[in-house]
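> Okay, predicted coordinates and the sequence, questions at the end:
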Amino acid sequence: MAEFTERWHTRLRNAQRDLLDDIGIERATELTSMSKSQVGRWRSPTDRDLMPLPVVLVLEAYTARPLVSQVMADFHGRRLTAPDEREAKIACLTTQVADLVGQVSTLMARTAQAGSDGFYSVAEVNELMKLNSQVRRAGDVLDDVLATVKTEGGLSLVKGGAA
């Protein structure tokens with residue numbers, strides 16, 4: 001069993017400081033509903049306060065960087081691993097579809113709003129053209145992801161399942 005020494009405490013403090021540097025104190029207070037002074041103590045090199053685990057989880061999820069969790073895993077002689085390539089591809093495909101749907105819904109809502117007075121002004125049409133360009137870009141990115149999946153013979157959604 002590993003002993004929790006000053007070395008490990010310092011590593012945790014450094015990891016939480018790095019995490020807060022990535023986010024910023026203001027944003028961290030918003031995400032955690034903790035006071036600015038408390039977040040500042042977590043960031044301070046002179047205070048010894050450690051973040052509660054729920055705060056660590058929220059901030060690491062926000063940054064997608066498990067800095068504190070990695071130190072905790074190291075303490076137990078373990079390593080964190082990144083999602084495997086298959087999971088990353090599934091997430092990428094899902095994200096691109098969601099992005100395209102979001103862009104299209106924005107275009108549809110703005111089109112309805114612009115035409116609600118029975119007239120499309122030049123400024124409104126310019127905005128709709130800009131939104132339509134964003135839809136096309138999102139569609140192009142999705143096409144690229146789908147082409148990658150196709151050239152690889154498909155993508156199994158079940159771990160260990162055949163493609």
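Arrived safely.

> and the residue of the chain most remote from its centre, how far is that from A109?
The centre of the chain is farthest from one residue, G118, which by CA atoms, centre = their mean lies 40.1 Å away. According to CB to CB, to the nearest Å, G118 stands 17 Å off from A109. Where you see a C-beta, it was placed from the backbone N, CA and C, and this is true even at glycine.

> cool, and E26?
31 Å.

> Quick check: pLDDT value at the residue farthest from the centre of the chain.
In this prediction, G118 carries a pLDDT score of 96.

> And it, how far from E152?
50 Å.

> next one: L80
26 Å.

> ok, now R137?
In terms of CB to CB, R137 sits 23 Å off from E152.

> And for A91?
In terms of CB to CB, A91 sits 15 Å off from E152.

> after the helix or strand bottoming out on mean pLDDT in the chain comes which helix or strand?
Here the helix or strand of the chain ranked lowest by mean pLDDT, DSSP states H and E is helix 85-115, holding a mean of 86. Where DSSP states H and E defines the elements, the next helix or strand beyond helix 85-115 is helix 122-151.

> what's that following helix packed up against?
helix 85-115 (3 or more CB pairs under 8 Å, 6 or more residues apart in numbering; DSSP states H and E).

> Which one's more surrounded, R137 and E152?
Legend: neighbour count by other CB atoms under 10 Å for R137 and E152, higher for R137 (13 against 10).

> V56: what's its closest spatial neighbour, skipping adjacent residues?
V68 (4.7 Å; CB to CB, 6 or more residues apart in numbering).

> For this protein, give me the ranges with low pLDDT.
Residue ranges of the chain with pLDDT under 70: 1, 82-87, 89-90, 158-163.

> One more pass at 80, please.
Scanning the chain for pLDDT under 80 picks out 1-2, 81-92, 155-163.

> Could you double-check that the residue nearest to V56 sits in contact with L57?
No. In this structure, V68 is not within contact of L57 by CB atoms under 8 Å, at 9.2 Å.

> what about S116, neighbour count?
8.

> And it, how far from Q134?
21 Å.

> Also V149?
23 Å.

> again with T81
Shown here: T81 relative to Q134, a distance of 35 Å by CB to CB.

> ok, these two, which is more surrounded?
Q134 (16 against 7).

> Can you tell me, leaving aside adjacent residues, what's nearest to the more buried one?
Going by CB to CB, 6+ apart, Q134 has Q103 as its nearest residue, at 5.2 Å.
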